[in-house]
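> The sequence and its predicted three-dimensional model are supplied below.
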Amino acid sequence: MSSNANDDRGRPLSEMRRRRYRRGLNAEMIVAGVYMAFGHRILGRRFKTPVGEIDLIAIKARRIAFIEVKRRASAEEAEDAITLTMRRRVRRAADLWLARNPQYQGHDVGFDLVFVLPWRFPIVMRDAL
């Protein structure tokens, strides 16, 4: 990435932020691959709204999964990153996504949490948010 790289909102990135951003994108790509390997179709990535962001949105059969991905050095650090505020933001963003996509409003809705840790298969927790 060049020194004048921007994030997905067009903001310039410092070197440290750029590394974190790339790691986050890589973690989300890994998780998307895991979900697709288990038969899900990815409907959205990094869905941003004024009320919050959803890392991934996936569907399998009649279940829509709103997925929060946390890439950390340990499970403890990943757990510490799950706050009440973050949960609320994801849920509000999911409500907005469903309002904009009425064809999915009759589906079951799940809020999954996935930890991406070094040298481990991602830890997927269904309905954890």
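All right, it came through fine.
> what about this structure, any weak spots by pLDDT?
Applying pLDDT under 70 to the chain flags residues 1-13.
> Could you pull out the strands in it for me?
41-49, 52-60, 63-71, 108-116, 123-125 (DSSP state E).
> Could you pull out the buried residues of the fourth one?
By that I understand strand 108-116. 110-116 (16 or more other C-beta atoms under 10 Å). Placement of C-beta: from N, CA and C, glycine included.
> The third one too?
Judged by neighbour count using 16+ other C-beta under 10 Å, the buried positions of strand 63-71 are 64-71.
> which helix is the longest one in the chain?
helix 15-37 (DSSP state H).
> That one to strand 52-60, inter-axis angle?
Angle, helix 15-37 to strand 52-60, by axes from the mean of the first three to the mean of the last three C-alpha atoms, to 10 degrees: 20 degrees.
> And helix 15-37, what does it pack against?
Applying 3 or more C-beta pairs under 8 Å, 6 or more residues apart in numbering; DSSP states H and E, one finds that helix 15-37 contacts strand 41-49, strand 52-60, strand 63-71, strand 108-116.
> Next, the buried residues of that helix.
Neighbour-count burial for helix 15-37 [16+ other C-beta under 10 Å]: 18, 21, 24, 27-28, 30-32, 34-35.
> can you list those in TSV and add distance to residue 47?
As requested, those are arranged in TSV below (distance: C-beta to C-beta, whole Å):
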residue	distance to residue 47
18	22
21	17
24	14
27	16
28	12
30	18
31	14
32	13
34	19
35	15
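> from the residues you listed, which two are the most distant?
Within the buried residues of helix 15-37, 18 and 35 form the most distant pair, 26.1 Å apart (C-beta to C-beta).
> Which strand residues bridge residue 60?
Bridge pairing for residue 60 (DSSP bridges) gives the partners residue 63.
> for the one 10 residues further on, same thing?
Beta-bridge partners of residue 70, counted by DSSP bridges, are residue 115.
> looking at it, it is touching residue 112, isn't it?
No: assessed by C-beta atoms under 8 Å, residue 70 is found out of contact with residue 112, at 11.4 Å.
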